[in-house]
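A.B. asks: Would you be able to build a 3D model of this:
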Amino acid sequence: MSNWKNVNNWHWVSKNCLNWAQKYFDAQLVGLQAERDGNKVAITKVNECVGDVDLSQRKGKLITIYGVELKLTWEGTTANGTQATGKIHVPEVAHDTEADEYVFDVSVDNDSQEKQVLRDVVKKQLAPLMIDKFEKLATAMIKENSSDVYIEQKDKAGSGAPTVGVTKERTGVTHINKTTSNVTSTTSTEKSGSKVNTTTLQETIEFQTSAHELFETLLDPQRASVWTRGPAQVSKQVGSKFQFFNGNVSGEILEVEPDKKIVQSWRLASWPAGHYSTVTMTFNQGNDNVELTVKQTGVPIGEEELTQRNWAGYYWRAIKQSFGFGAVF
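C.D. replies: This is a model prediction of the structure:
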């Protein structure tokens with residue numbers, strides 16, 4: 001990968017590390033063994049490793065984003081000499097999976113009561129060893145692939161090793177960092193057969209980046225999973241649905257002009273059922289920054305402060321902190 005033009009590691013650079021991850025799991029999992037009371041099991045093959053594994057860098061910060069499904073084969077011998085084989089299915093190994101959240105579906109070929117003890121050893125003794133390997137994936141990925149996305153700045157004072165992004169999931173939307181916005185006159189709209197009194201919010205936010213980078217950050221699912229700190233469902237396709245923060249924020253993409261405008265329906269889960277506002281984001285490219293003007297119509301009366309806080313804390317502050325797009329106050 002050529003990154004010689006990425007001066008000071010400013011731009012977003014990403015490497016697909018799926019092939020590397022497949023080799024990592026082969027090396028770390030095949031041959032892994034566990035035993036209990038003379039009952040022994042071991043992984044013999046990684047049959048399938050599919051999904052997305054990416055290492056990204058932005059302004060000197062390395063970020064691991066991954067989500068893969070694993071299918072493996074195991075074999076074992078009971079204390080009395082009965083042999084067995086079977087399969088292990090791990091639906092998801094992801095950057096935001098906690099150690100106690102992994103799921104292991106274990107099957108036994110030609111199952112019998114006598115072989116069940118081996119299945120139990122796989123789930124209770126072998127699975128924790130597998131989790132340990134899963135938890136070390138991000139560190140190993142950075143160690144072995146960072147040179148492809150990060151340029152060492154050895155000749156510059158004050159430069160050092162890149163920082164590492166943390167991408168653990170947020171469990172909800174909390175109210176933080178109140179922002180200043182313009183609130184216009186209230187209106188009323190009809191939703192799901194009931195009248196909802198609404199108002200309009202508008203604000204302009206400055207980011208130290210280009211309109212293109214900010215546009216991609218808002219609509220690219222991999223980038224969005226970084227600043228939302230969790231799974232992000234979003235795309236640039238008009239008519240597609242989006243969902244952030246475990247469904248606390250959701251809507252639909254209504255209009256897209258690359259690097260210029262995004263129009264979307266948008267709602268908080270706490271709003272009246274079926275009610276959506278309309279958010280128009282306009283990008284104004286400056287010499288060394290971009291101003292984003294956000295106009296939101298149809299915000300329910302009484303929800304203004306909550307809505308402003310969530311934009312400020314969970315969109316603008318999070319984006320600036322994650323990608324270095326400007327000062328955070």
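A.B. asks: Assign the residue in the chain sticking out farthest from the centre to helix, strand or coil.
C.D. replies: In the chain, N80 marks the outermost C-alpha relative to the chain mean, sitting 46.6 Å out by C-alpha atoms, centre = their mean. Three-state call for N80 (DSSP: H, G, I helix; E, B strand; the rest coil): coil.
A.B. asks: For it, give its distance to N39.
C.D. replies: 9 Å (C-beta to C-beta, to the nearest Å). All C-beta spots, glycine's among them, are computed from the backbone N, C-alpha and C.
A.B. asks: go on, L55?
C.D. replies: Applying C-beta to C-beta, the value for L55 to N39 is 39 Å.
A.B. asks: Mind checking which of the two has more residues around it?
C.D. replies: L55 (24 against 21; other C-beta atoms under 10 Å).
A.B. asks: Roughly how far does that one sit from K320?
C.D. replies: 22 Å.
A.B. asks: Check I253 too.
C.D. replies: The value you get for I253 to K320, if C-beta to C-beta is used, is 23 Å.
A.B. asks: again, but for D120
C.D. replies: From D120 to K320 the distance is 49 Å (C-beta to C-beta).
A.B. asks: higher neighbour count, those two?
C.D. replies: Between D120 and K320, K320 has the larger neighbour count (other C-beta under 10 Å), namely 20 against 14.
A.B. asks: Isn't that one up against F207?
C.D. replies: Yes. K320 is within contact range of F207, at 7.0 Å (criterion: C-beta atoms under 8 Å).
A.B. asks: Quick check: neighbours shared by the two?
C.D. replies: G326 (C-beta atoms under 8 Å, 6 or more residues apart in numbering).
A.B. asks: Which residues are in contact with D220?
C.D. replies: 234, 236.
A.B. asks: Now do it, the pLDDT please.
C.D. replies: D220 is assigned 93 on the pLDDT scale.
A.B. asks: quick one, phi psi at it?
C.D. replies: D220 adopts backbone torsions of phi -80, psi 120, taken as degrees, to the nearest 10.
A.B. asks: mind showing which ranges of the stretch 101-250 of the chain have poor pLDDT?
C.D. replies: 148-194 (pLDDT under 70).
A.B. asks: switch the cut-off to 90
C.D. replies: The model of the stretch 101-250 of the chain has pLDDT under 90 over residues 101, 138, 141-196, 222, 226, 228-231, 245-248.
A.B. asks: Can you give me every residue that contacts G76?
C.D. replies: Per C-beta under 8 Å, 6+ apart, neighbours of G76: 39-42, 83-86, 118, 121-122.
A.B. asks: I'd like to know which of those are buried.
C.D. replies: Among these, those buried by neighbour count (16 or more other C-beta atoms under 10 Å) are 39-42, 84-86, 118, 121-122.
A.B. asks: now the helices for this structure?
C.D. replies: Using DSSP state H, the helices of the chain run over 18-29, 116-121, 127-135, 137-145, 211-219, 221-227, 304-310, 317-323.
A.B. asks: Just the buried positions in the longest strand along the chain, please.
C.D. replies: The residue-count maximum for a strand in the chain (DSSP state E) belongs to strand 39-58. Within strand 39-58, the residues that count as buried by 16+ other C-beta under 10 Å are 39-44, 46, 49, 52-58.
A.B. asks: okay, which residue is most central for this protein?
C.D. replies: S225 (2.8 Å).
A.B. asks: these two touch, right, that residue and Y66?
C.D. replies: No. At 10.0 Å, S225 and Y66 do not qualify as touching, with contact defined as C-beta under 8 Å.
A.B. asks: Find the residues that touch each one of those two.
C.D. replies: In contact with both S225 and Y66: H95, using C-beta under 8 Å, 6+ apart.
A.B. asks: count of residues packed around T64?
C.D. replies: Number of residues near T64 (other C-beta under 10 Å) recorded here: 22.
A.B. asks: Quick check: it touching H95?
C.D. replies: Yes. T64 is in contact with H95 according to C-beta under 8 Å; the separation is 5.6 Å.
A.B. asks: With respect to burial, which of the helices of the chain scores highest?
C.D. replies: Burial of the helices of the chain is given as mean neighbour count (mean count of other C-beta atoms under 10 Å); helix 221-227 ranks first at a mean of 22.
A.B. asks: Can you list the helices and strands that that one packs against?
C.D. replies: strand 39-58, strand 61-77, helix 211-219, helix 317-323 (3 or more C-beta pairs under 8 Å, 6 or more residues apart in numbering; DSSP states H and E).
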